[in-house]
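Enquirer: Sequence first, predicted model second:
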Amino acid sequence: MPSICSHMIIAKEVAKRLNINSDEFIRGNLLPDIIDLKDSHHKIKKSVYMVPNINYFIKKLDLTSELDMGYLTHLLLDKHYLEDYLSNLYPNKNVFLDGLIYKDYDYLNHLLIKEYKLDTEYIRKVLIKYDCNISKEKLKYNINCLGQNISGETYYLKYNSFSEFLRNISKTISEELVKYANKPN
């Protein structure tokens, strides 16, 4: 799954496109990675990766809730990242198994924060206000990732193509959210 910075970039871009101005949307966007539930992503096997089952969550979420819209935004980014981005770059390889992709995230986070002008202090303040069943350890880890400034050579992800993916997928995710929110149950 992509890093917290990627999720926060998509949250920012989608919120701008859909005119959402809500801390709840930002919190919902990180919730799948920090909630204390086994099926926070309810993954199904798709080729090399376990991909979030969007249809499962569409039935469970209240898409009039900005928190739930943020949650769905997170899952949609995970789905597209695995199915459209990584699977195209590495069609028959699970790049998470050797752990090197996490180092790529460490190296790319500060560049992404700078390019997309993420207000990491605002994000930190929003994220510490959870009042549901979350893992405080996972929350702390994700918040700490926002402050990393580590440089190095990436192994799997190349900055320009990854940044371009994020720019393009924010439009797709915005369109999907509108479609799902307007779809009758």
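Expert: Happy to help now that I have it.
Enquirer: Check which residues of the helix or strand of the chain with the lowest mean pLDDT are buried.
Expert: Taking mean pLDDT, DSSP states H and E as the measure, the chain has strand 43-46 as its least confident helix or strand, at a mean of 75. By neighbour count with 16 or more other Cβ atoms under 10 Å, strand 43-46 contains the buried residues Lys43. The way it works is simple: take the backbone N, C-alpha and C, and place the C-beta from them, glycine included.
Enquirer: Direction included, what does that strand pair up with?
Expert: Strand pairing for strand 43-46, determined by DSSP bridges: strand 49-52 (antiparallel).
Enquirer: Just the C-alphas of the strand it pairs with, formatted as CSV.
Expert: Taking Å, rounded to 0.1, in the frame of the first residue of the first chain, the C-alpha atoms of strand 49-52 are listed here in CSV:
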residue,chain,number,x,y,z
TYR,A,49,-1.6,-8.6,-4.5
MET,A,50,-4.4,-8.6,-2.0
VAL,A,51,-6.6,-5.7,-3.2
PRO,A,52,-9.3,-3.9,-1.2
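Enquirer: next SSE after it?
Expert: Counting by DSSP states H and E, the element after strand 49-52 in chain order, helix or strand, is helix 54-60.
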